[in-house]
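Student: Predicted model, plus sequence, below.
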Amino acid sequence: MDSLLCDELLQEIFQRLPPCSSSSVSLVSKRWLYLYRTSKTSLALQLTLQKSTIPALSTLLSHYPFLSSLSIILPLEPTTGDGDGDGPLVKTTFSDDLLLLASSSYPRLHGLRFLAGPVSRSSLVSLSSTCTHLTSLCINLSRPLFLTWLLNFPLLKELSIMVCHGEGFDHEVKDNLEYGFSSSDDFDAELGIESLCLSGIRTDDWGMGWLWRSCDKVKKLQLRSCESIGDGGSFSSFTRCLQGIQEVELRTCRSIVDGVLLKLAEYSHSLISLLVYDGGSREGLLRFFSHCSCNLQKLDLRLPLDLNNDHLLAASVNFRTLSSLRLQSCCLVSGEGLKALGAAMSSGLEELALINCDVVEREPGLLTTLGQNLKQLRKLDLSYNEMLLDKELISMLVSCHYLVDLNLRGCKGLANSAMITMSKSCKRLENVDIMNCCGIESEAVELLVLNSPKLRKVLVEESKLSHAAKTWASLKFIQVV
């Protein structure tokens, strides 16, 4: 059979295989190993900081000649430095050498995720001259942030910058065009970036105002662990990139989240997706929920001590276009707010997640009401509600006939009866996660596999898979993980 399959056909097959099969393919023969490597267009590597890292990486990359996407990660661990443990995380020269190797190996690279320590401005300019097709770039930078090198990447659509720990820039910066430290509109560029992710920005990061003014095509913005959006003049420039923004993620940005939400409510009329994790104020959130005029479709919040019923009631009035609502660890929310949301969005909400939200366990009958109101639900995530009982889940599932995805991971209070109802009422289920559900036994898992006609993937412990369940899963092409 091996001799009947030509190289091109084998490569096409390899590209269609799931990731879990790759290790088996490479062991069949030297021919298969070679063809598997040459068929790969994407590769992710995690390296260790050793003298042999660069030579070993060079040898490895030579086996994958046709990559268009490359990810290189080197865990940033403090070096001994001068003996006090505060030395540089990874020497820039080492990172530059790695970057030079990656770029010279794949000049036609489209996507590069390079998190192997901060890189110098000169190495980024060199990267731009070698990899002229780059559309996606993720890198570490150290301070000061010299951002004008972005002008050398005219095709860049996705940019992610993670700022490493280090001191700010305290030299004279006024009108220093070389570094982007200019308030003059004459120096503004027209960058084509559509997705922008920034991590670790501080108030002393000069030049951010130039970036904001130059990124007026951004549709997706992510801010992570940011104390600020840049130097003092950056906030006035920030609004320029918000005009066409569609998706915003704010993770652990407590000091700026209110200001950002205020600007979003004022300028971002095309916003359709908002995520806020671990940081905010009740007043700032309420102002946004009450005054935002956009047609928000997706709302994802992890705000244990900031989100309450006032916000949900405001959302039920102002965000009637929501199709996805995800709440995680929201301790101050009660059934009143969730029921109001359910009633307001009964015809449109397709995804609901109440992850580790004790209101699910605290208020009997809540899930029943939500199930009766949200009959168009396609995705339901109740994971890590450890005290959720069968009768509460069953009372919801009997109304959710259109469910496609169901996540019950970590719901230790569930037992077999919930699975029986799931098999009878949810005939459209394709993906089910029941990992770490202690009360669900192998008989119930077998019943689910046998009686779910559209099931395609089940996440469950192998110890709960009977021989019959494995056989039926194989025959019905159900992936069991």
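Tutor: Sure thing, it's come through. Numbers count the residues shown, from 1 in each chain.
Student: Which elements pack onto the host helix or strand of A444?
Tutor: Using DSSP states H and E, A444 sits in helix 442-451. Using 3 or more CB pairs under 8 Å, 6 or more residues apart in numbering; DSSP states H and E, the elements in contact with helix 442-451 are helix 416-425, strand 457-459, helix 467-475. Glycine gets a C-beta too; all of them are placed from N, C-alpha and C.
Student: Go again with 10 Å.
Tutor: helix 416-425, strand 431-433, strand 457-459, helix 467-475 (3 or more CB pairs under 10 Å, 6 or more residues apart in numbering; DSSP states H and E).
Student: Out of the ones you listed, which gets nearest to L33?
Tutor: helix 467-475 (26.6 Å; CB to CB).
Student: Against V445, how distant is L191?
Tutor: 51 Å (CB to CB, to the nearest Å).
Student: what's the answer for S42, then?
Tutor: 33 Å.
Student: more neighbours, these two?
Tutor: V445 (24 against 12; other CB atoms under 10 Å).
Student: That one and N451 touch, don't they?
Tutor: No - in this structure, V445 is not within contact of N451 by CB atoms under 10 Å, at 11.3 Å.
Student: hey, which helix or strand in the protein has the poorest pLDDT?
Tutor: helix 22-25 (a mean of 63; mean pLDDT, DSSP states H and E).
Student: Next SSE downstream of it?
Tutor: Past helix 22-25, the next helix or strand by DSSP H and E is helix 30-39.
Student: Compute the inter-axis angle for the following helix or strand past that following helix and helix 30-39.
Tutor: Counting by DSSP H and E, the next helix or strand C-terminal to helix 30-39 is strand 42-46. Computed by axes from the mean of the first three to the mean of the last three CA atoms, to 10 degrees, the angle separating strand 42-46 from helix 30-39 equals 100 degrees.
Student: could you say what helices and strands strand 42-46 packs with?
Tutor: helix 53-61, strand 69-73, strand 111-118.
Student: would you turn those into a markdown table with distance to I394 and mean pLDDT?
Tutor: Shown next, in a markdown table, are those (distance: least, CB to CB, whole Å; pLDDT from 0 to 100):
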| stretch | distance to I394 | mean pLDDT |
| --- | --- | --- |
| helix 53-61 | 52 | 92 |
| strand 69-73 | 43 | 96 |
| strand 111-118 | 44 | 94 |
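Student: Out of those, which is the most enclosed?
Tutor: Neighbour counts (mean count of other CB atoms under 10 Å) averaged over each of the helices and strands packed on strand 42-46 peak at strand 111-118, with a mean of 21.
Student: what's that one packed up against?
Tutor: strand 42-46, strand 69-73, helix 92-105, helix 121-130, strand 136-141, strand 158-163.
Student: Grab the CA positions of the last one and hand them over as PDB.
Tutor: So the one you mean is strand 158-163. Extracted in PDB, the C-alpha atoms of strand 158-163 (Å, rounded to 0.1, in the frame of the first residue of the first chain):
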ATOM      1  CA  GLU A 158      -1.700  41.400  13.400                       C
ATOM      2  CA  LEU A 159       0.700  42.800  16.000                       C
ATOM      3  CA  SER A 160       1.300  41.700  19.500                       C
ATOM      4  CA  ILE A 161       3.900  43.400  21.800                       C
ATOM      5  CA  MET A 162       4.800  42.100  25.300                       C
ATOM      6  CA  VAL A 163       6.900  44.600  27.200                       C
END
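Student: What lies in contact with it?
Tutor: Residues from elsewhere that reach strand 158-163 (CB atoms under 10 Å, 6 or more residues apart in numbering): 76, 111, 113, 115, 118, 134-143, 145, 147, 150, 153, 191-202, 205, 211, 215, 218, 220, 222, 224-226.
Student: what about 7 Å?
Tutor: 115, 135-141, 143, 145, 193-201 (CB atoms under 7 Å, 6 or more residues apart in numbering).
Student: of the helices and strands packed on strand 42-46, which approaches S104 most closely?
Tutor: helix 53-61 (9.5 Å).
Student: distance between the closest one and the chain's centre?
Tutor: 29 Å (CA atoms, centre = their mean, to the nearest Å).
Student: Show me what that helix is packed up against.
Tutor: Judged by 3 or more CB pairs under 7 Å, 6 or more residues apart in numbering; DSSP states H and E, the packing partners of helix 53-61 are helix 92-105.
Student: angle of the helix it packs on against strand 136-141?
Tutor: Going by the same axes, to 10 degrees, helix 92-105 makes 160 degrees with strand 136-141.
Student: And the average pLDDT for helix 92-105 is what?
Tutor: Throughout helix 92-105, pLDDT has a mean value of 91.
Student: cool, stretch 392-401 as well?
Tutor: The model assigns stretch 392-401 a mean pLDDT of 94.
Student: Give me the contacts around that stretch.
Tutor: So stretch 392-401 is contacted by 364, 367-368, 370-372, 375, 377, 380, 414, 417-418, 421-422, 425-426 (CB under 7 Å, 6+ apart).
Student: Just name the closest of those residues to D231, please.
Tutor: Of those, the one sitting nearest to D231 (CB to CB) turns out to be L380, at 44.8 Å.
Student: What is the subsequent helix or strand relative to the helix or strand hosting the closest one?
Tutor: According to DSSP H and E, L380 maps onto strand 379-381. Downstream of strand 379-381, the next assigned helix or strand under DSSP H and E is helix 390-397.
Student: and that next one, which residues are buried?
Tutor: 390, 392-397 (16 or more other CB atoms under 10 Å).
Student: okay, now N436: neighbour count?
Tutor: Count around N436 with other CB under 10 Å applied: 17.
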